[in-house]
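**Student:** A predicted structure for the sequence below; I have some questions about it.
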Amino acid sequence: MSDEQEVTELTLNLLSEPESRPFGDGLVWINEAVSLIKQRFGMWLVIGLVNLLIYAGLSVILGLIQEVNVWLAIPVNFIVNAIFVMLSAGLVVAVASLAEEDDLEISYLFTGIQYKFKEILIFVFSVYHWRSSDFGNFSCDRDVGWWFHVGNE
């Protein structure tokens with residue numbers, strides 16, 4: 001069975017109502033996540049370093065482009081954020097592979113780019129659209145200014 005067939009056969013089963021769980025279940029879940037990271041701690045450090053280098057490189061490129069032409073920074077910023085989301089999706093796949101008793105590989109970091117490129121690009125575009133609408137347009141300066149204004153009265 002190919003990977004494409006395997007992905008399409010998975011179904012999502014949602015609960016009709018939220019389920020209340022005891023606090024201890026959350027602690028068990030956190031302990032399981034920590035144990036997954038401990039299994040291959042060295043590889044997680046390598047993946048984190050690769051992730052950090054990619055983000056740093058993209059940030060430097062974005063900063064240089066912004067110095068040259070502010071209008072070019074807008075599409076480049078979109079691309080950087082899309083890559084950030086795709087790499088984050090790859091981290092989720094990496095953790096899921098460990099949970100399913102699979103081996104951890106650096107290539108899992110790039111699975112968001114390889115397999116779900118179109119869906120993630122649509123997601124990032126919709127977030128950008130939401131941020132540019134009136135509902136999602138919150139200026140940090142305006143919010144902080146409002147906070148100080150209210151606090152100083």
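**Tutor:** Noted; the coordinates are in hand. Numbers count the residues shown, from 1 in each chain.

**Student:** List the contacts of the spatially most central residue of the chain.
**Tutor:** What sits nearest the mean C-alpha location of the chain, by CA atoms, centre = their mean, is Ser88, with 3.5 Å. Under the criterion of CB atoms under 8 Å, 6 or more residues apart in numbering, the contact list for Ser88 reads Gly112. (Glycine included, C-beta is placed from N, CA and C.)

**Student:** Find the nearest non-adjacent residue to Asp103, please.
**Tutor:** Sequence neighbours aside, Ser97 is the residue nearest to Asp103 in space, at 7.2 Å (criterion: CB to CB, 6 or more residues apart in numbering).

**Student:** just to revisit the earlier point, in which helix or strand does the residue nearest to the centre of the chain reside?
**Tutor:** Element membership of Ser88 [criterion: DSSP states H and E] is helix 70-99.

**Student:** What of Lys118?
**Tutor:** Per DSSP H and E: Lys118 is located in helix 117-132.

**Student:** Please point out which parts of that helix sit buried.
**Tutor:** Residues of helix 117-132 classed as buried: 120, 124, 128 (neighbour count, 16 or more other CB atoms under 10 Å).

**Student:** same check, this time on stretch 96-111
**Tutor:** Neighbour-count burial for stretch 96-111 flags 97-98, 104, 108-111 (criterion: 16+ other CB under 10 Å).

**Student:** swap in stretch 59-74?
**Tutor:** In stretch 59-74, counting by 16+ other CB under 10 Å, buried: 62, 65, 73.

**Student:** my read: the last one touches Gln66, true?
**Tutor:** Which is Ala73. Yes - Ala73 lies in contact with Gln66 (CB atoms under 8 Å); the separation is 4.1 Å.

**Student:** picking up where we left off before, could you dump the buried residues of stretch 59-74 into JSON lines and include pLDDT and distance to Gly24?
**Tutor:** Formatted as JSON lines, the buried residues of stretch 59-74 follow (pLDDT from 0 to 100; distance: CB to CB, whole Å):
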{"residue": "Leu62", "pLDDT": "79", "distance to Gly24": "44"}
{"residue": "Ile65", "pLDDT": "81", "distance to Gly24": "50"}
{"residue": "Ala73", "pLDDT": "72", "distance to Gly24": "48"}
